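Peer 1: Sequence unavailable; structure follows:
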Ligand code: GRF
């Protein structure tokens, strides 16, 4: 099965997926990396790995949000993409896109959902004073950080943790968990029944 990664930034999760593929741990074909940021390190990483890249910019350049998403869907369909992997993609996908790839879009979130949704999950967990946070991989639906949960892993918060030190440990867990979920999906091992994902 072909898959695509959508990334806006650093792309360390993309790199983990590229590395896992190189080690034969992911069987599918990474056909495309799409970014909405011209200076995303993710694009550099993709090019270095010989993966086709598409720079997909501002929805403002399209007549409507639907046109933007239609174009994005068309690009993915052209490459026969069966799985869309969001890896730090900072744009909320519209219902048009979600509908086109229902149960075929996954995301990694740096907290144990449904706790600490949103763009500042690590900071929010630290500020709240929880002792354990973690990583969630989930299907993407119409609501932010809401879709059915596929896998989670805990990360303990230490008394001296800073945003940097905790983020680093969370990233490390993401880099192990996310490629595993990608591979499970590509092997058809994930079954969704309502909010429940059965797999492995
Ligand atoms: C990760 O922490 C992920 O949980 C969140 O965005 C971050 C992306 O990091 N959704 P990177 O670009 O993969 O390094």
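Peer 2: Structure's in. What do you need? Predicted, not measured: the structure shown is a model, and the values here were computed from it.

Peer 1: can you give me the helices in the chain?
Peer 2: Chain-ordered helices for the chain, with DSSP state H as the definition, fall at 12-22, 41-48, 65-78, 95-100, 121-128, 163-186.

Peer 1: from memory residue 47 sits against residue 53, does it?
Peer 2: Yes: the pair residue 47 / residue 53 is scored as a contact, 5.9 Å apart, by CB atoms under 8 Å. Bear in mind the C-beta positions are built from the backbone N, C-alpha and C, glycine included.

Peer 1: Which one's more surrounded, those two?
Peer 2: Shown here are residue 47 and residue 53; by other CB atoms under 10 Å, residue 53 has more neighbours (17 against 12).

Peer 1: The nearest residue to residue 196 once chain neighbours are set aside and the ligand, how far apart?
Peer 2: Distances taken as CB to CB, 6 or more residues apart in numbering place residue 148 nearest to residue 196, at 6.9 Å, with adjacent residues excluded. Distance of residue 148 to the ligand, given as CB to the nearest ligand atom, to the nearest Å: 17 Å.

Peer 1: Equivalent analysis for residue 78, please.
Peer 2: Distance from residue 78 to the ligand, counting by CB to the nearest ligand atom: 25 Å.

Peer 1: Count residues in the vicinity of that residue, would you?
Peer 2: 10.

Peer 1: With the one 3 residues further on instead?
Peer 2: Taking other CB under 10 Å as the criterion, the count of residues near residue 81 is 22.

Peer 1: Tell me the confidence at the residue in the chain positioned nearest to the ligand?
Peer 2: Of all residues in the chain, residue 88 sits closest to the ligand, at 2.7 Å by CB to the nearest ligand atom. Looking at residue 88, its pLDDT is 96.

Peer 1: Repeat that for residue 92.
Peer 2: Looking at residue 92, the pLDDT reads 83.

Peer 1: Can you report how many residues lie near the closest residue in space to it that isn't next to it in sequence?
Peer 2: Distances taken as CB to CB, 6+ apart put residue 144 closest to residue 92, at 6.4 Å, once the chain neighbours are dropped. Neighbours of residue 144 under the rule other CB under 10 Å: 14.

Peer 1: show me the contacts for residue 144.
Peer 2: 92, 117, 118 (CB atoms under 8 Å, 6 or more residues apart in numbering).

Peer 1: now do residue 71
Peer 2: Neighbouring residues of residue 71 by CB under 8 Å, 6+ apart: 56, 62.

Peer 1: And for the one 10 residues further on?
Peer 2: In this structure, residue 81 makes contact with 2, 3, 4, 31, 32, judged by CB under 8 Å, 6+ apart.

Peer 1: Flag every residue of the chain that's near the ligand.
Peer 2: Residues of the chain found near the ligand (CB under 6 Å from any ligand atom) are 7, 9-13, 87-88, 108-110, 171, 174.

Peer 1: tell me the two of those residues that are most distant?
Peer 2: Spatial extent of those (CB to CB) is set by the pair 11 and 109 at 16.5 Å.

Peer 1: Might you report the residue contacts of residue 72?
Peer 2: So residue 72 contacts 34, 56, 97 (CB under 8 Å, 6+ apart).

Peer 1: From those, list just the buried residues.
Peer 2: Buried by 16 or more other CB atoms under 10 Å: 34, 56, 97, out of the contacts of residue 72.

Peer 1: Thanks a lot, catch you later.
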